[in-house]
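> How does the following fold in three dimensions:
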Amino acid sequence: MPEPASLLEELRLQYEAARASPHAHADVPDFQTIDKRLRTAFRWLEKAIAYLDGVKPPIAHRFDLGQGLVFGTPRFDRGFVGQHEQRIAGFPVLDEINISYTISAAAPAALEVAPGSLPLVERRLDDAGLQYIARHVERQDGTLRACALSVAPRIPAAVAFRADYRTGIVTVTLTNVDRFDRVSLEFPSEGLDEPALDDLLRLVLGRGDAFLHRAPLAGVHGKPSR
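Below you'll find the predicted structure:
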């Protein structure tokens, strides 16, 4: 009788099967094709951000950090599109597109928290990349009553595209786009066509969330993103 496989080996095989990309057996486009798709997307995004910079439209999202900290009437403020290249077989190819933009609110957000709650609130503010000023509020006898926070009316947001030329997968990471959160989606390079980019623009402005349903979450293969 053959020796049964060890439990560790059995778990290793299950682990590798669970982590295998659903695209691993698909035909991966050549690097010139992926590069061309990314450069086309980059040019489209450059135009889109330039238009948003000029118009500064309202954004129909609710940015709520909890504790009553809500940013009212957010608008697109300013943005920038950058890129990064690597070389494959001596040829420069685009492997990253980075959109950084700022969302502005009508006024600074303010709140008071109990002294014991300040570390948690500050951690949330730091995780969201928000700038703020904290000051102590004292009672008449000089004892600490609360901590007052004034949060600048600017929210940093970003969309990053990172291409893996071995698999043909482009991971799109959204930070503070439709809420205070970060989410990553995995697209085949051909999935980032003009309709998908248009859906991304609609998501940025709060006019639809179809972009979030176009690809699975990174690391959760075969499952819908929402």
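
> and this structure, what are its domains?
20-107+153-226, 108-152 (automatic domain parsing).

> deepest of these, which one?
The highest average neighbour count among the domains of the chain, using mean count of other Cβ atoms under 10 Å, belongs to domain 20-107+153-226 at a mean of 16. For the C-beta atoms, the positions are set from N, CA and C on the backbone; glycine is no exception.

> residue contacts, the residue nearest to the spatial centre of the chain?
The residue lying closest to the centre of the chain (Cα atoms, centre = their mean) is residue 174, at 1.5 Å. Counting by Cβ atoms under 8 Å, 6 or more residues apart in numbering, residue 174 touches 158, 159, 182, 183, 184, 185, 203.

> That one belongs to a helix?
No - counting by DSSP: H, G, I helix; E, B strand; the rest coil, residue 174 is not part of a helix but strand.

> For residue 101, see how far away it is.
12 Å (Cβ to Cβ, to the nearest Å).

> Please apply the same query to residue 74.
12 Å.

> now residue 119
Applying Cβ to Cβ to residue 119 and residue 101 gives a distance of 29 Å.

> what helix or strand is residue 125 on?
Residue 125 is located in helix 118-127, with elements delineated by DSSP states H and E.

> neighbouring contacts of that helix?
Contacts with helix 118-127, where a contact means Cβ under 8 Å, 6+ apart, come from 65, 66, 67, 69, 111, 113, 132, 134, 147, 149, 151, 180.

> Show me which pair in the residues you listed is furthest apart.
Pairwise distances across the contacts of helix 118-127 peak at 20.2 Å for 147 and 180 (criterion: Cβ to Cβ).

> if we can go back for a sec, same list, the contacts of helix 118-127, but as CSV with pLDDT please.
Shown next, in CSV, are these (pLDDT from 0 to 100):
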residue, pLDDT
65, 87
66, 84
67, 78
69, 84
111, 86
113, 87
132, 92
134, 88
147, 91
149, 90
151, 93
180, 94
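
> May I have the secondary structure class of residue 8?
Assigned state for residue 8: helix (three-state reduction, three-state DSSP).

> now the domains of the chain as CSV including distance to residue 6?
Below are the domains of the chain laid out as CSV (distance: least, Cβ to Cβ, whole Å):
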stretch, distance to residue 6
domain 20-107+153-226, 21
domain 108-152, 41
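
> Identify whichever of these lies nearest to residue 14.
Across those, closest to residue 14 is domain 20-107+153-226 (Cβ to Cβ), at 10.9 Å.

> Look up which helix or strand residue 202 falls in, please.
helix 194-205.

> nope, residue 79 is what I meant
Taking DSSP H and E as the criterion, the element that holds residue 79 is strand 75-88.

> Note down every partner strand of the helix or strand following that strand and its orientation.
Downstream of strand 75-88, the first helix or strand assigned by DSSP H and E is strand 91-104. Looking at strand 91-104 with DSSP bridges, its partner strands are strand 75-88 (antiparallel), strand 154-164 (antiparallel).

> Show me the one of those strands that comes nearest residue 190.
Residue 190 lies closest to strand 154-164 among these, at 12.2 Å (Cβ to Cβ).
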